[in-house]
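S.K.: Here is my input; please provide its structure:
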Amino acid sequence: MLWAAILSRGLFAQGLPASDDSLQLRGVELRYVLPEPLFSSAPPAPPIKALYVNAWAFGSPKLWHLVRLADSTEVNAFVVDVKDDTGCLLYDSQVEVARQIGATRCIRARDAPARLDTLKAHNIYAIARIVVAKDPLLAERRPQWSVQQRDVGGLWRDRIGSAWVDAYNDSVWIYAAQLAEEAVHMGFDEVQFDYVRFPDEPKEAMATAIFPSRKKGETQRAAVRASVAMIVRRLEPLGIPVTFDIFGLTSSATGDLGIGQVWEDFTSVADVVLPMVYPSHYYPGAYGYARPNANPYEIVKNALREAIERSRLQAKSAAIRPFLQGFTLGRRLPRYTPHEIREQIRAAEDLGIESWVLWNPRSVYQRDSFRPYRTEVRAASSDDPQ
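M.R.: Presented below is the predicted three-dimensional model:
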């Protein structure tokens with residue numbers, strides 16, 4: 001019966017294209033489904049070497065190719081969108097708010113539990129990514145939880161027309177925490193929160209924004225700090241790592257970057273912080289380089305060195321696991337090939353940081369970017385020639 005359960009929830013029971021190293025069971029109808037996650041895996045021994053897997057990739061045959069990539073390389077973890085920046089969900093959530101606002105009507109993978117079990121079977125650590133403040137679906141359906149437009153009324157929108165929820169509103173954070181709890185019960189090993197901040201828009205645009213839930217005298221930093229701490233406390237009984245994506249510049253900024261993010265507010269309570277140190281996102285002249293994007297090793301090493309030095313000043317500080325750039329941004333040459341990716345990994349490793357996540361919004365990765373899964377080293381014996 002247990003084997004039947006494994007097959008019924010694994011990818012190989014989902015009708016995906018077979019490969020020479022996949023299992024297929026044909027002509028057998030399997031209906032047995034366990035109510036709880038089939039596999040429970042402890043976090044892999046550090047380091048974690050992860051790929052970002054968007055919800056579309058996770059819910060399509062593309063997932064199998066990513067699993068095979070992990071099987072044959074150093075990659076041992078996937079960061080999977082449970083809620084992305086559209087507000088849509090990965091699976092059919094039972095969280096009441098999600099059902100009320102229609103977030104379950106645009107799910108990406110109806111067989112998510114089966115796909116998640118396949119990751120477990122391949123010893124791939126599963127991380128649930130949950131976007132918090134940039135949720136246009138929640139903003140549209142819960143306008144009382146959302147940023148409002150000054151003078152003209154209605155919802156405030158960013159430069160691409162997306163509505164944002166009000167990060168001063170506790171209900172926004174509780175909703176994210178509820179989704180995280182559900183993802184853990186489904187079988188995810190870790191939860192990772194992104195867009196844990198206010199909008200990064202020009203001052204002129206932010207001057208037109210009204211945050212209805214803001215208390216008198218409350219700052220953006222105070223709101224983010226309190227909400228991050230609340231999420232960590234709420235999820236602590238689950239016994240899983242709680243991690244946060246933050247701007248790479250937080251490690252060097254003296255303020256909150258205008259978005260409420262301050263390095264110590266995250267590192268003092270989180271298990272892991274993930275600074276997004278993409279070279280293409282640094283301004284010309286950063287760390288003395290006219291073209292930061294063309295100097296991936298130097299930019300990443302300088303950024304992470306600042307992060308390490310700042311964390312050393314704290315009595316307790318979260319582990320640092322950087323997000324690295326696995327994409328080419330427009331005309332900001334060079335194109336990012338395995339060489340540029342390996343240079344970023346090398347920069348982190350030279351500082352003693354061996355864990356990382358590679359970000360490509362399309363979830364497309366080249367095998368040559370990674371070391372092979374295992375390098376055979378034969379121990380010398382007394383019979384070996386000296």
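
S.K.: Could you tell me how many residues sit around Ile101?
M.R.: Per other Cβ atoms under 10 Å, the neighbour tally for Ile101 reads 19. C-betas here are computed from N, CA, C, even on glycine.

S.K.: Local confidence estimate at it?
M.R.: Ile101 is assigned 98 on the pLDDT scale.

S.K.: quick one, what contacts it?
M.R.: Gly87, Leu137, Leu138, Arg141, Arg142 (Cβ atoms under 8 Å, 6 or more residues apart in numbering).

S.K.: which of those residues tops the neighbour count?
M.R.: Leu138 leads those on contacts (other Cβ under 10 Å) with 27 neighbours.

S.K.: Please list all residues in contact with it.
M.R.: Contacts of Leu138 by Cβ under 8 Å, 6+ apart are Gly87, Val97, Ile101, Ala103, Trp145, Ser146, Val165, Val172, Tyr175.

S.K.: quick check, it in a strand?
M.R.: No: counting by DSSP: H, G, I helix; E, B strand; the rest coil, one finds Leu138 to be helix, located in no strand.

S.K.: Where does the spatially most central residue of the chain sit: helix, strand or coil?
M.R.: Central residue check for the chain by Cα atoms, centre = their mean: the C-alpha nearest the mean position is that of Arg129, 4.2 Å away. Under three-state DSSP, the three-state class of Arg129 is strand.

S.K.: Of the contacts of Leu138, which belong to strands?
M.R.: Among those, none falls in strands (DSSP state E).

S.K.: State the pair within these that is farthest apart.
M.R.: Ala103 and Ser146 (14.9 Å; Cβ to Cβ).

S.K.: Please name the residues that touch Ser162.
M.R.: Neighbouring residues of Ser162 by Cβ under 8 Å, 6+ apart: Asp85, Lys134, Pro136.

S.K.: How many residues are close by the second one?
M.R.: The one in question is Lys134. Lys134: 21 neighbours (other Cβ under 10 Å).

S.K.: In terms of pLDDT, where does Gly330 sit?
M.R.: So Gly330 comes in at 79 (pLDDT).

S.K.: Let me know the distance separating it from Ile299.
M.R.: 17 Å (Cβ to Cβ, to the nearest Å).

S.K.: With Arg141 instead?
M.R.: Distance, Arg141 to Ile299, by Cβ to Cβ: 40 Å.

S.K.: And Phe211, by the same measure?
M.R.: Distance, Phe211 to Ile299, by Cβ to Cβ: 34 Å.

S.K.: show me where the chain has strands.
M.R.: Under the criterion DSSP E, strands of the chain are mapped to 49-53, 77-83, 125-131, 148-149, 190-194, 209-210, 242-247, 272-276, 319-320, 323-325, 356-359.

S.K.: Walk me through which strands the fifth one pairs with, and which way each runs.
M.R.: In other words, strand 190-194. The strands that strand 190-194 pairs with in its sheet are strand 125-131 (parallel), strand 242-247 (parallel) (by DSSP bridges).

S.K.: Could you check the angle it makes with strand 272-276?
M.R.: Between strand 190-194 and strand 272-276, the angle comes out at 40 degrees (axes from the mean of the first three to the mean of the last three Cα atoms, to 10 degrees).

S.K.: And the contacts of strand 190-194?
M.R.: 43, 79, 125-132, 176, 180, 183-184, 231, 235, 240-245, 274.

S.K.: Mind checking which of these are buried?
M.R.: Among the contacts of strand 190-194, the ones that count as buried by 16 or more other Cβ atoms under 10 Å are 79, 125-132, 176, 180, 183-184, 231, 235, 240-245, 274.

S.K.: More neighbours: Phe211 and Ile299, which one.
M.R.: Ile299 (27 against 21).

S.K.: Would you quantify the distance from the closest residue in space to that one that isn't next to it in sequence to Asp200?
M.R.: Once flanking residues are discounted, Ile299 sits nearest to Pro279: 4.2 Å by Cβ to Cβ, 6 or more residues apart in numbering. In this view, Pro279 and Asp200 are 18 Å apart by Cβ to Cβ.

S.K.: more neighbours, those two?
M.R.: Between Pro279 and Asp200, counted using other Cβ under 10 Å, the more crowded position is Pro279 (28 against 14).

S.K.: give me every residue that touches the more buried one.
M.R.: If a contact means Cβ under 8 Å, 6+ apart, then Pro279 has Pro292, Asn293, Ala294, Asn295, Pro296, Ile299, Val300, Gln325, Gln344 as its contacts.

S.K.: again with Ala77
M.R.: Counting by Cβ under 8 Å, 6+ apart, Ala77 makes contact with Pro44, Ile48, Lys49, Ala50, Leu51, Ile124, Tyr125, Ala126, Ile127, Val357.

S.K.: May I see the residues you listed organised as a markdown table, with distance to Pro61 added?
M.R.: Shown next, in a markdown table, are the contacts of Ala77 (distance: Cβ to Cβ, whole Å):
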| residue | distance to Pro61 |
| --- | --- |
| Pro44 | 25 |
| Ile48 | 25 |
| Lys49 | 23 |
| Ala50 | 21 |
| Leu51 | 16 |
| Ile124 | 17 |
| Tyr125 | 22 |
| Ala126 | 18 |
| Ile127 | 21 |
| Val357 | 23 |
